[in-house]
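1. Predicted model follows, preceded by the sequence.
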Amino acid sequence: RGGEREYAGTIASENQDGTLVIDYDDGDRDPAADPTWVVEVIKKTLRKGDRVMSHFRGDKRNQEYPGRVAKVHSDGTVAVDYDDGDRDEAVPADLVRVSNAKSSEKRAKHATVSLAA
């Protein structure tokens, strides 16, 4: 926590306040890790149906809006159906984040991280 060492772990879920539940590889668990402690995400997997927040039109200068992953493309982009009825066909995955714990839990098996502790 706030130190120089890194510890491997898995994101189990995201709390409503934005903190993360981290299951460390050594068996420890942090129920409210600061997301800025995450220094490396090994793999990020988005799945069709995940609730997400996405930068409109795939532009990080645009505001994020809630929606759902409609399709995951092999080129690393995703189609997003926004809650207001708009749709983006090809948003880069790094501009899309899972927006609730249920979707994060589905993704957790695939999101291994190193943490500064």
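-> Nice, thanks for sending it over. Worth saying up front: this structure is predicted, and the values here are computed from it rather than measured. Numbering: from 1, shown residues only.
2. what bits of this structure have low per-residue confidence?
-> 1-4, 39-44, 100-117 (pLDDT under 70).
3. mind listing the helices for it?
-> All helices of the chain, identified by DSSP state H, fall at 101-108.
4. Next up, the contacts around residue 53.
-> 64-67, 96-97, 99 (C-beta atoms under 8 Å, 6 or more residues apart in numbering). Where you see a C-beta, it was placed from the backbone N, CA and C, and this is true even at glycine.
5. beta partners of it?
-> residue 66, residue 97 (DSSP bridges).
6. just residue 10 next, same as before
-> residue 23, residue 112.
7. Tell me the buried residues within the contacts of residue 53.
-> Buried subset of the contacts of residue 53 (neighbour count, 16 or more other C-beta atoms under 10 Å): 65, 67, 96-97, 99.
8. out of those residues, who's nearest residue 47?
-> Within the buried ones among the contacts of residue 53, the smallest distance to residue 47 is 11.5 Å, found for residue 96 (C-beta to C-beta).
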